[in-house]
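J.: Structure of the sequence below:
(2 chains)
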Amino acid sequence: MESKFYTKDKQLIIKITEEIDDHSVQKIRREADYEIERNMPKTVIFDFNSVTFMDSAGIGLIIGRYKLASMLGAKVQLANLSQNVKKIFEMSGILRLIPTTTLKETTA
Amino acid sequence: MNEEYENEMRLNFLSKSSNEAFARITVAAFASQLDPSIEELADIKTAVSEAVTNCIIHAYENKIGIVKIYAKLTQNEITIEITDSGKGIENIEIAKEPLYTTKPNLERSGMGFTIMESFMDTINIESIVGIGTKITMTKKIKKQHKKSPDEPTLATNKI
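T.: Numbering: from 1, shown residues only, chains lettered A, B, ... in the order given. Alright, predicted model coming up:
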């Protein structure tokens, strides 16, 4: 996981660079929470451009970060979802709650 | 029945979460002999990952046990059996319900069985409390450009 915080518009981009499963998710969760709490962003964007695999652990990951961000007054967006990742999020219904977007450059 | 496309394999490993990736990649590599599409391969990997994760965090509850995988290829179908000797599922119908989880504190979404059901063609769950659980899943692989059996498969590039 890599992250970059843009102070001007208080945007935190969290780029997930590993496969997301029950094993990897614990570290991603810890690091993402740290960055969110440290930067207090207005928007948190999770960039999935480099995610080659995700199972249902990804649903719990995003719901958990969404709860934390909402508590701190931040909005969450999901960027660059592959077909497979999108299919899993759609099944869980969280795309009705969290908007998707496209990030041109993966600067995080 | 075309005998050339029949094959089977067995895999036993410790119920450590670091083996989740190992298990799904191994089954996908085996399944690639049927020349699946990238999407079919992704479906198989996801279903295996869900079943193995269940063994590790629910059946063995992070104590070390053995997870067994048996996979069989026939002409155009893969059958995958994933077995543990863990605590078993008390009520399978409830466990299968979307969003049902006994571990919300671990941020588990309760979508594991729903994903297995929708990504595979069939799923069968057998479980005895205190003895263990066996998940059997099958998926038909749609015919694409079938290679001749002696031609080396390039499908491993997709894994």
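
J.: mind listing what the residue nearest the centre of chain A touches?
T.: The C-alpha lying nearest the average C-alpha coordinate of chain A belongs to residue A:46 (CA atoms, centre = their mean; 2.8 Å). Listed by CB atoms under 8 Å, 6 or more residues apart in numbering or on different chains, the contact partners of residue A:46 are A:14, A:16, A:32, A:62, A:65, A:76-79. Where C-beta positions appear, they are placed from N, C-alpha and C, glycine not excepted.

J.: now, which of those lie within strands?
T.: A:14, A:76-79 (DSSP state E).

J.: with these in mind, which one is nearest to residue B:10?
T.: Among the ones in strands among the contacts of residue A:46, residue A:78 lies closest to residue B:10 (CB to CB), at 38.4 Å.

J.: who's in contact with residue B:98?
T.: B:110-111, B:114.

J.: Now residue B:107: phi and psi?
T.: phi 60, psi 30 (degrees, to the nearest 10).

J.: ok, and what's touching stretch A:73-82?
T.: A:12-13, A:36, A:40-49, A:51-52, A:62, A:65-66, A:69-70, A:89, A:95, A:98-103, A:106.

J.: Which helix or strand contains the residue nearest the centre of chain B?
T.: Central residue of chain B (CA atoms, centre = their mean): residue B:48, 2.8 Å from the mean position. Taking DSSP states H and E as the criterion, residue B:48 maps to helix B:38-54.

J.: try residue A:90
T.: Counting by DSSP H and E, residue A:90 is part of helix A:83-92.

J.: Tell me the strands beside whatever helix or strand comes next after that helix, with direction?
T.: In the C-terminal direction, the helix or strand that comes right after helix A:83-92 (DSSP H and E) is strand A:100-101. Sheet pairing here is set by DSSP bridges, and for strand A:100-101 it gives strand A:75-79 (parallel).

J.: returning to what we had before: distance check, the residue nearest to the centre of chain A against residue B:126.
T.: 38 Å (CB to CB, to the nearest Å).

J.: Tell me where chain A is predicted with low confidence.
T.: For chain A, the stretches with pLDDT under 70 are A:105-108.

J.: how about the residues of it near chain B?
T.: When proximity is defined by CB under 8 Å from any CB of the partner chain, chain A lies next to chain B at A:19, A:21-23, A:25, A:29, A:53-57, A:59-61, A:63-64, A:83-84, A:88, A:91-92.

J.: Once you drop chain neighbours, what's closest to residue B:69?
T.: residue B:11 (4.3 Å; CB to CB, 6 or more residues apart in numbering or on different chains).

J.: tell me the contacts of residue B:18?
T.: Residues near residue B:18 by CB under 8 Å, 6+ apart: residue A:23.

J.: give me phi/psi at it?
T.: According to degrees, to the nearest 10, residue B:18 has phi -70, psi -10.

J.: With residue A:51 instead?
T.: Per-residue torsions, residue A:51: phi -90, psi 110 (degrees, to the nearest 10).

J.: what's the burial count for it?
T.: Neighbour count for residue A:51, taken as other CB atoms under 10 Å in any protein chain shown: 20.

J.: Leaving out chain neighbours, which residue sits closest to it?
T.: Using CB to CB, 6+ apart and skipping residues adjacent in sequence, the residue nearest residue A:51 is residue A:16, 5.3 Å away.

J.: For the one you found, give its distance to residue A:79.
T.: From residue A:16 to residue A:79 the distance is 10 Å (CB to CB).

J.: out of those two, which sits in the busier spot?
T.: Comparing residue A:16 with residue A:79 by other CB under 10 Å, the one with more neighbours is residue A:16, at 25 against 20.
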